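> next come a sequence and a model predicted from it.
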Amino acid sequence: MNDRDLRSDALRNQQELLRAATSAVHREGLRVPLATIAADAGVGIGTLYRHFPTREDLLSELTHRSFAQALADVKAAERMGKTPVERLRLFIDAVISQRDELVLPLHGGPPVEDPATEALRDEIYRVVQRILDQGIDEGDLCEDTTPHDIIAFGALVAQPRPIDPDWDTTCRHLLTTFLRGIHRNP
């Protein structure tokens with residue numbers, strides 16, 4: 001095997017570890033045994049430790065990756081939505097659609113402790129604030145709506161609900177109700 005094959009194999013292993021870790025954290029919580037994650041990924045525990053020397057390193061990467069995805073989603077919503085309310089709907093809908101892939105503090109994940117992830121989180125808040133400011137300026141959104149309101153709602157509604165067989169429909173109904181509540185002229 002040449003160096004290129006090793007690098008692509010290592011990258012595949014890392015991505016599989018992250019996928020397995022995300023699933024395991026959702027299933028068993030932050031204290032899930034690392035051996036379980038390695039087994040779920042189909043790799044040995046040594047491979048896990050080679051990529052993520054500590055549990056904190058692994059959880060930090062899961063959180064960083066999730067914030068990066070949420071930032072990409074809110075920026076896409078900002079570009080694609082025709083109105084501020086539509087932009088917020090697109091953003092929260094993306095969070096709902098990707099809930100099984102996200103490990104975020106308001107979604108059962110670890111707190112943010114590294115500067116790079118803090119920067120991603122802060123940028124998400126800035127983009128949401130921009131959308132809100134536009135909606136408030138246009139008279140469409142209630143003035144007391146904050147980025148935290150939007151983000152906390154998205155995190156809460158995106159929780160898995162195994163007892164509800166049609167949770168996706170319920171989530172989207174809750175989203176519509178929430179947006180009506182912050183919309184000045186529903």
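In hand now; what should we look at?

> which positions within stretch 95-106 qualify as buried?
Buried residues in stretch 95-106, defined by neighbour count with 16 or more other C-beta atoms under 10 Å: 95, 96, 99, 102, 103, 104. In this view, the C-beta of every residue, glycine as well, is placed from N, C-alpha and C.

> what is the neighbour count of residue 129?
As a burial measure, residue 129 scores 13 neighbours (other C-beta atoms under 10 Å).

> which strands and helices sit next to whichever strand or helix holds it?
Taking DSSP states H and E as the definition, residue 129 sits inside helix 115-137. Identification of packing neighbours for helix 115-137 by 3 or more C-beta pairs under 8 Å, 6 or more residues apart in numbering; DSSP states H and E yields helix 55-80, helix 84-97, helix 147-157.

> correct me, but residue 159 touches residue 99?
Yes. Contact criterion C-beta atoms under 8 Å: residue 159 and residue 99 qualify, at 7.1 Å.

> next, give phi and psi for residue 141.
Backbone torsions for residue 141, taken as degrees, to the nearest 10, come to phi -120, psi 150.

> burial of it, as a residue count?
Counted with other C-beta under 10 Å, the neighbours of residue 141 add up to 23.

> now residue 33
Residue 33 is flanked by 12 other residues according to other C-beta under 10 Å.

> how much space separates it from residue 45?
For residue 33, the distance to residue 45 (C-beta to C-beta, to the nearest Å) stands at 10 Å.

> next one: residue 23
Counting by C-beta to C-beta, the gap from residue 23 to residue 45 is 17 Å.
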